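*Asks:* Provide a 3D model corresponding to the input given below.
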Amino acid sequence: MQIITFTGKTPSEALKKARMKVGDEGMLIQTREVSKKALSDEALYEVMIGIEVASVGNSSEPTELQELKSVINKLADKVKIIQNMFWSEKSPDLGSKIPSEFAEIYRLALQSGINKEHLNTLMQITLEHMPLKMQENSLTVKRYFHTILRKMVPIRLESFPKNGTKKILMLVGPTGVGKTTSIAKLAARYSFLLEKKYRVGLVVLDTYRIGAVEQLMQYAKIMKLEIETVVAPLEFSSALESLKHCDYIFIDTMGSSPYDKDKLEKIYECLKANMTDDTIDVVLVMPSSAKYEDLKATYNNFSFLNVDTFMFTKLDETLGFGNIFSLSYETKKPISYFSIGQEVPEDLICASSDFLVECLLHGFNRNKK
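*Replies:* Numbers count the residues shown, from 1 in each chain. Presented below is the predicted three-dimensional model:
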């Protein structure tokens, strides 16, 4: 094979020169930046093209098969050149050669809603740690990137009360995200869906919305669970004390705009009024359909409540899941639960990195929960 190099101000310019010179016979071997752009000089890129040198054939393959293989190889090289041109012009400057096989995974991840800065970081990590031989196959690249994503998603694994302890979860979040329905799902899970039937109690702070109180009371009646209502912060400790025999206590709070400081302050006052020895985990509930910027703004405004974990709802109402990854990656807050529909109790699953990455790269599939 003969190796020929071509240069240009951009990778696509160098590739166009190569095609004009060698036509469809060339095979793309490498693209690299040989000179970075400076104030006084243009950047310079180089592509290496391999040309098969004609030789006297001793091949035992039929002529038709040789011609078919030649056509297939030419088509594959054309696709690779097109991918490489697309990647070189659209991708971020990561300071290193970007294999054309990365174009598809970059496009999928970007379309999923991952923050572009986070995606660039992930690509850089993948390029730095992935063996060069593995980078030659787009399927291998996808699998490796899947592994990188999975390791970078913080997850709060499900655990259960031991030795007389209890778990108390307070669900907070904007109006309309499904906190009350989510509490009903959680209560059902731990009171009768698991092999062990735990004692579950409910507390309602959302006395501003009569409908929400009545809805949760109806769920409590069906599941035969104790429920306490709290009107003022001073009543909060008494409500928890009344349910001290329970293994799980779930607290429903008033829905609030992230910018409604008065309502958020009332939730904070209840947390401060807790005089029991029990720790309360604050779970911020958000819709997976929201943009990353909106999710981040919501987190920033609720963060003074000392958010412990995230719960994402409405996974069945969106096509992109990169926003979820980006928020958890950015804040380093783990995800504890996903709500994947409106049905109580079945449409709730404990979070896993495999599930989220599968949704991110391939979309939500109810059968793979």
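*Asks:* now the helices for this structure?
*Replies:* Ranges of helices in the chain, per DSSP state H, are 11-22, 63-90, 102-111, 116-129, 138-151, 179-188, 210-223, 236-242, 261-272, 292-302, 322-331, 353-362.
*Asks:* by mean pLDDT, show me the worst of the ones you listed.
*Replies:* Among these, helix 63-90 carries the lowest mean pLDDT, at a mean of 54.
*Asks:* may I have the residues that are in contact with the residue nearest to residue 33 when sequence neighbours are not counted?
*Replies:* Spatially, and ignoring its direct neighbours in sequence, residue 33 is nearest to residue 45 (5.5 Å; Cβ to Cβ, 6 or more residues apart in numbering). C-betas here are computed from N, CA, C, even on glycine. By Cβ atoms under 8 Å, 6 or more residues apart in numbering, the contact list for residue 45 reads 7, 8, 9, 10, 11, 13, 14, 31, 32, 33, 34, 88.
*Asks:* and the second one, how many residues sit next to it?
*Replies:* Going back to what we said before, that points to residue 8. Using other Cβ atoms under 10 Å, residue 8 has 18 neighbouring residues.
*Asks:* what sits against it?
*Replies:* Neighbour list for residue 8: 14, 15, 16, 17, 44, 45, 47 [criterion: Cβ under 8 Å, 6+ apart].
*Asks:* quick one: which of the contacts of residue 45 is most hemmed in?
*Replies:* When neighbours are taken as other Cβ under 10 Å, the top entry among those is residue 14 (24 neighbours).
*Asks:* so what's it closest to, chain neighbours aside?
*Replies:* Among residues not flanking residue 14 along the chain, residue 8 sits closest, at 3.4 Å (Cβ to Cβ, 6+ apart).
*Asks:* check residue 179 too.
*Replies:* Among residues not flanking residue 179 along the chain, residue 171 sits closest, at 4.6 Å (Cβ to Cβ, 6+ apart).
*Asks:* how many neighbouring residues does that neighbour have?
*Replies:* The number of residues near residue 171, taken as other Cβ under 10 Å, comes to 22.
*Asks:* what about it, distance to residue 186?
*Replies:* For residue 171, the distance to residue 186 equals 8 Å [Cβ to Cβ, to the nearest Å].
*Asks:* joint contacts of the two?
*Replies:* Joint contacts of residue 171 and residue 186 (Cβ under 8 Å, 6+ apart) are residue 250.
*Asks:* let me know which of the helices of the chain is tucked in deepest.
*Replies:* Per-stretch averages of neighbours, counted by mean count of other Cβ atoms under 10 Å, single out helix 179-188 among those, with a mean of 25.
*Asks:* only alpha carbons, please: show that one as PDB.
*Replies:* Extracted C-alpha coordinates of helix 179-188, given in PDB (Å, rounded to 0.1, in the frame of the first residue of the first chain):
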ATOM      1  CA  LYS A 179     -45.300  14.000  44.400                       C
ATOM      2  CA  THR A 180     -48.600  12.800  45.900                       C
ATOM      3  CA  THR A 181     -48.900  10.000  43.400                       C
ATOM      4  CA  SER A 182     -45.300   9.100  43.900                       C
ATOM      5  CA  ILE A 183     -45.800   8.800  47.700                       C
ATOM      6  CA  ALA A 184     -48.700   6.500  47.100                       C
ATOM      7  CA  LYS A 185     -46.400   4.300  44.900                       C
ATOM      8  CA  LEU A 186     -43.700   4.300  47.500                       C
ATOM      9  CA  ALA A 187     -46.200   3.500  50.300                       C
ATOM     10  CA  ALA A 188     -47.600   0.600  48.300                       C
END
